[in-house]
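J.: the following comprises the amino acid sequence and a computationally predicted model.
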Amino acid sequence: MGHSISTVQDGVAGMRIFLGVDAGGSKTHALLVDKAGAVLGSGAGGTGNHQMSGLDSAVREISQAVCQALNAAQVEPGQVELGCFCLAGADLPQDFHMLQSALVGQELARQVVIKNDSIAALRSGLTRSWGVAVICGSGFNAAGRGKDGREIVLPGLGAISGDWGGGGDLVIEMIRAVMRAWDGRGRPTMLTRAVLERLGKSSEEELLSALYNRKLTRRHMLPLTPLLFDVADAGDSVARELVVRMGTEAGVTANALLRRLDLQDTDAEVVLSGSVFKGRGTLLLDSVRQVVRAVAPAARIARPRLEPVAGAALLALDLSGLSADSAAYAGLEKVFSH
């Protein structure tokens, strides 16, 4: 997870134990906590989105992450009271049914609850029960909860559900910009050198050939995303326009949820979660803020206080009628803070 986590390995017998899982397009994280929210152990795996890697592979990566957490905490699956699995790709009723069946079969917890990964991001970022979260990692999604408890999760199915954004789409646009600069249809851009160097290609023609012959896969391409923000921060106009486009889309998406939940006239928190929002510079967040404030002037743009997996663990406690105490919250905030 990129964090040093101390595990609580003594006295787990008889303890009430809960599991939170956050599975996205590039990685899966698992976290075990006790009834007060104290961290017992953690684990990590690869792509947990069945829409990207297939159900068997996604379940295998999720199980790997959970088993690492169980081993770290010296806990058996039968001791885990409830697991809240917040999964990218849990979009339609058929997804929930399939994932529920597959994960119950893994016997990772006594009770399994499936939610969309956007709900973990929402729970990890809000300081109160209502607000909106926009998630921009390898893909793009958003969720919100109104003051009346209504929850909205966008389908998040990509182009077919009207989405644009996230690392996958940004990388495509970066390649498009490089190729259009090469053939004269687009402006010269520092993205050309940055992309070629990162991919180890000597020319645009070599890059085109590798893409055409499928020698470069999504796995190779997604790590290019941070370069966009580095180049934009260096002043490249093509990169800056793309960053502003991403910020505008995130803002428009947040505004749609704020309106639907009747929050546009409140000081609602708009939580920006996911790896893309960690990019260098302030241009992306400034672009989101400008768009949101045109519709919801009092809304507050916020970065998550916790990693989404901590939100998943807190949801597991919520579902069990429990809540993390202040000491545990402080610990989660310290260990998983951005």
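T.: In hand now; what should we look at? Remember, it's a predicted structure, so these values are computed and weren't measured experimentally. Residues are numbered from 1 along each chain as shown.
J.: excluding sequence neighbours, find me the nearest residue to residue 115.
T.: residue 86 (4.9 Å; C-beta to C-beta, 6 or more residues apart in numbering). Where you see a C-beta, it was placed from the backbone N, CA and C, and this is true even at glycine.
J.: quick check: the gap between that neighbour and residue 41.
T.: From residue 86 across to residue 41, the span is 18 Å (C-beta to C-beta, to the nearest Å).
J.: pull the number of nearby residues for the closest residue to residue 269 other than its chain neighbours.
T.: With C-beta to C-beta, 6+ apart as the criterion, residue 269 has its nearest non-adjacent residue at 4.0 Å, and that residue is residue 131. For residue 131, the neighbour count with other C-beta atoms under 10 Å is 28.
J.: more crowded one of residue 86 and residue 41?
T.: residue 86 (31 against 25).
J.: and the helix or strand harbouring that one, which strands flank it?
T.: Using DSSP states H and E, residue 86 sits in strand 80-87. Note on strand 80-87: by DSSP bridges, its sheet partners are strand 17-23 (parallel), strand 112-116 (parallel).
J.: for the residue nearest the centre of the chain, give its distance to residue 19.
T.: Centroid check for the chain by C-alpha atoms, centre = their mean gives residue 274 as the closest residue, at 4.2 Å. According to C-beta to C-beta, residue 274 stands 22 Å off from residue 19.
J.: same check on residue 29?
T.: Distance from residue 29 to residue 19, by C-beta to C-beta: 11 Å.
J.: likewise for residue 39?
T.: 12 Å.
J.: which of those two has more residues huddled nearby?
T.: residue 19 (31 against 24).
J.: could you look up the SS state of residue 181?
T.: helix (DSSP: H, G, I helix; E, B strand; the rest coil).
J.: flag every buried residue along stretch 226-243.
T.: Neighbour counts using 16 or more other C-beta atoms under 10 Å place 226-233, 236, 238-240, 242-243 of stretch 226-243 among the buried residues.
J.: and stretch 129-138, by the same measure?
T.: Within stretch 129-138, the residues scored as buried using 16+ other C-beta under 10 Å are 130-138.
J.: of those residues, closest to residue 329?
T.: residue 131 (17.3 Å; C-beta to C-beta).
J.: all helices of the stretch 101-250 of the chain, in order?
T.: 117-125, 167-183, 191-199, 204-212, 218-221, 225-233, 237-260 (DSSP state H, counting those that start in this stretch).
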